[in-house]
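1. sequence unknown, structure follows:
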């Protein structure tokens, strides 16, 4: 592999899309190739290198899912038993969900629990226990098991299950049960650990503008199992190779039995926007049905940082891109399209509306669609649907409202983007089995509660 070519390509794309710094690792033909470009902080000018740490955000969920599946393999956890049977005192606002939500539903984002409860419970080792206790007031986006809605809260609950069953805090269990035997020595969860290395700072700003340093470096420790790992791109690829090699570390140590590795790749639920993206969710992994081969992966985003992992198991290829601002999604789209075509023969689909959008009845979609921490208002303006999304809670200070027109793609399916610099995203209006109208956007489901004003 000519990594020099991809280093130049990475630099070109990052400059074009105002990404301050990025690191790329590619596993192909059994070897990991690395390159980096740019800076870790626009204020200091410190160079981004292949040994630099970036926040991988929700790719962390794959690590937590692996810990959970270890416990399944050891006979200490039943995926289909209620969470309440493992966590005495576990409760959410809905009594039925409290009694019935399972570990499998948490892993596959089908529990229906409000998923964006970013509640800072401090730096103590009891932070997950305190967080789970605070979940008693969390409502439901939907009844358990009827659709998919991305759930950060569920993975913090899973982290607490790991703590209870291993008698270790999540950070220690992760290190001792996965990172150390894997040899992932540049992967960590706490900011004081990252200070020993070259660590990237996130950057914020509108597309087309120069990004500026984010006012906050990391998420709360209580978000750990859902998204606080910091790592090199190469270490992320090492973790992916673990799942490609049947759960074995390079020295042959079995970290996760092959049966559980395979179980994580079994489809659990089709995404509501499958017509647009062609994907299912497994146990942790996103399962993509792309032309040329089966692809698995996950994305991550923190405050001004973005991470993408894609794996083509049959081709022995894994690619991780970590970036600290700008329009990193466009860098991913263009770079991975080229990389996966060359290295794995896979075509990365690109979602976009047709040149001549169909005529659809839009009046029925107008309404208010709230969920924990985020409310969407869909209105009609001169015959065009408009979406406005507003964050509330702890993320409100580091985010700006979304304002986007919706372009029809088909019945119930629309395309949206903030501006011409952003890739198109699917927006889906659909009904649950009981007929309740829902909006699916940004991987989250939200019920329609009223017509918009």
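-> Perfect, thanks for sending it. Every value quoted in this text rests on a predicted model; they were computed, and no experiment measured them.
2. and whatever helix or strand residue 409 lives in, what does it pack against?
-> Assigned by DSSP states H and E, residue 409 belongs to strand 402-410. Here strand 402-410 touches strand 384-391, strand 413-416, going by 3 or more C-beta pairs under 8 Å, 6 or more residues apart in numbering; DSSP states H and E. (Each C-beta comes from the backbone N, C-alpha and C, glycine too.)
3. output the contacting helices and strands for the last one.
-> When you say that, I think you mean strand 413-416. Here strand 413-416 is seen to pack against helix 274-277, strand 402-410, strand 425-431 when contacts are counted using 3+ C-beta pairs under 8 Å, 6+ apart.
4. flag the shaky bits of this structure, pLDDT-wise.
-> 274-276, 393-399, 452-453 (pLDDT under 70).
5. mind listing the strands for the stretch 201-350 of the chain?
-> Here the stretch 201-350 of the chain has its strands, by DSSP state E, counting those that start in this stretch, at 203-204, 212-213, 230-231, 269-270, 279-281, 286-290, 293-301, 306-312, 317-323.
6. what segments of the stretch 101-250 of the chain are helices?
-> Along the stretch 101-250 of the chain, counting by DSSP state H, counting those that start in this stretch, helices occupy 103-107, 127-134, 152-166, 170-174, 180-182, 191-194, 224-227, 233-244.
7. buried deepest among the helices and strands packed on strand 413-416, which one?
-> Most buried of the helices and strands packed on strand 413-416, by mean neighbour count (mean count of other C-beta atoms under 10 Å): strand 425-431, with a mean of 20.
8. who touches that strand?
-> Residues from elsewhere that reach strand 425-431, judged by C-beta atoms under 8 Å, 6 or more residues apart in numbering: 272-273, 276-277, 351, 364-365, 387, 406, 409, 412-417, 437-442.
9. now swap in stretch 245-259 and tell me
-> By C-beta under 8 Å, 6+ apart, stretch 245-259 touches 66, 69-70, 73, 177-178, 181-183, 241-243, 260-261.
10. quick check: the residue of the chain most remote from its centre vs residue 405, distance?
-> In terms of distance from the mean C-alpha position of the chain, residue 382 ranks first, at 35.1 Å (C-alpha atoms, centre = their mean). Taking C-beta to C-beta, to the nearest Å as the measure, residue 382 and residue 405 are separated by 10 Å.
11. and if you look at residue 202?
-> Distance from residue 202 to residue 405, by C-beta to C-beta: 28 Å.
12. residue 357 now?
-> 11 Å.
13. and if you look at residue 280?
-> From residue 280 over to residue 405 (counting by C-beta to C-beta), the distance is 29 Å.
14. can you check residue 242 too?
-> 43 Å.
15. do the same with residue 290
-> Distance from residue 290 to residue 405, counting by C-beta to C-beta: 28 Å.
16. and if you look at residue 375?
-> Separation of residue 375 from residue 405 (C-beta to C-beta): 18 Å.
17. cool, residue 165 as well?
-> Distance, residue 165 to residue 405, using C-beta to C-beta: 48 Å.
18. same thing with residue 301?
-> Taking C-beta to C-beta as the measure, residue 301 falls 23 Å from residue 405.
19. now residue 317. Nearest residue, chain neighbours left out?
-> Distances taken as C-beta to C-beta, 6 or more residues apart in numbering place residue 344 nearest to residue 317, at 4.4 Å, with adjacent residues excluded.
20. what about the one you found, how many residues nearby?
-> 23 (other C-beta atoms under 10 Å).
21. correct me, but it touches residue 311?
-> No - counting by C-beta atoms under 8 Å, residue 311 is not a contact partner of residue 344; they are 9.5 Å apart.
22. now for these two: what residues contact both?
-> Joint contacts of residue 344 and residue 311 (C-beta under 8 Å, 6+ apart) are residue 317.
23. residue 380 should be in a strand, yeah?
-> Yes - checked against DSSP: H, G, I helix; E, B strand; the rest coil, residue 380 lies within a strand.
24. for it, which non-adjacent residue is spatially closest?
-> In space, residue 380 comes closest to residue 366 once its chain neighbours are excluded; the distance is 5.5 Å by C-beta to C-beta, 6+ apart.
25. same question, residue 241
-> residue 27 (5.8 Å).
26. for stretch 162-176, which outside residues touch it?
-> Under the contact criterion C-beta under 8 Å, 6+ apart, stretch 162-176 has outside partners 63-64, 67-68, 71, 76-77, 86-87, 125, 128-129, 159-160, 177, 189-190, 224-225.
27. in that stretch, what counts as buried?
-> Going by neighbour count (16 or more other C-beta atoms under 10 Å), the buried part of stretch 162-176 is 162, 163, 164, 165, 166, 168, 169, 170, 171, 173, 174, 175.
28. stretch 178-194 now?
-> 178, 179, 181, 182, 184, 186, 187, 188, 189, 194.
29. what count of nearby residues applies to the closest residue to the last one other than its chain neighbours?
-> When you say that, I think you mean residue 194. For residue 194, ignoring the flanking residues on the chain, the nearest one in space by C-beta to C-beta, 6+ apart is residue 230 at 4.8 Å. When neighbours are defined as other C-beta under 10 Å, residue 230 has 27 of them.
30. residue 95 too?
-> 9.
31. next one: it from residue 140, what distance?
-> 11 Å.
32. same check on residue 191?
-> Plainly put, residue 191 is 33 Å away from residue 140 if you go by C-beta to C-beta.
33. how near is the residue nearest to residue 424 when sequence neighbours are not counted to residue 16?
-> Spatial nearest neighbour of residue 424, chain neighbours left out: residue 415 (4.4 Å); criterion: C-beta to C-beta, 6+ apart. Distance, residue 415 to residue 16, using C-beta to C-beta: 23 Å.
34. between those two, which is the more surrounded one?
-> Using other C-beta under 10 Å as the criterion, residue 415 and residue 16 rank with residue 415 on top: 21 against 14.
35. okay but the more buried one is in contact with residue 409, surely?
-> Yes - if you go by C-beta under 8 Å, residue 415 and residue 409 touch, sitting 5.4 Å apart.
36. can you tell me the element the residue nearest to residue 241 falls in?
-> Applying DSSP H and E, one finds residue 27 within strand 21-28.
37. could you name the helices and strands sitting against that strand?
-> Under the contact criterion of 3+ C-beta pairs under 8 Å, 6+ apart, strand 21-28 touches helix 3-16, strand 31-38, helix 233-244, strand 317-323, helix 328-344.
38. give me the sheet partners of that strand and which way each runs.
-> Strands adjacent to strand 21-28 in the sheet, as given by DSSP bridges, are strand 31-38 (antiparallel), strand 317-323 (antiparallel).
39. can you count the residues close to the residue lying closest to residue 106 once chain neighbours are set aside?
-> Closest residue to residue 106 apart from its sequence neighbours, by C-beta to C-beta, 6+ apart: residue 154 at 3.9 Å. By other C-beta under 10 Å, 30 other residues sit near residue 154.
40. can you say which of the strands paired with strand 21-28 is packed in most?
-> When the strands paired with strand 21-28 are scored by mean count of other C-beta under 10 Å, the highest mean neighbour count falls to strand 317-323 (a mean of 29).
41. many thanks, have a good one.
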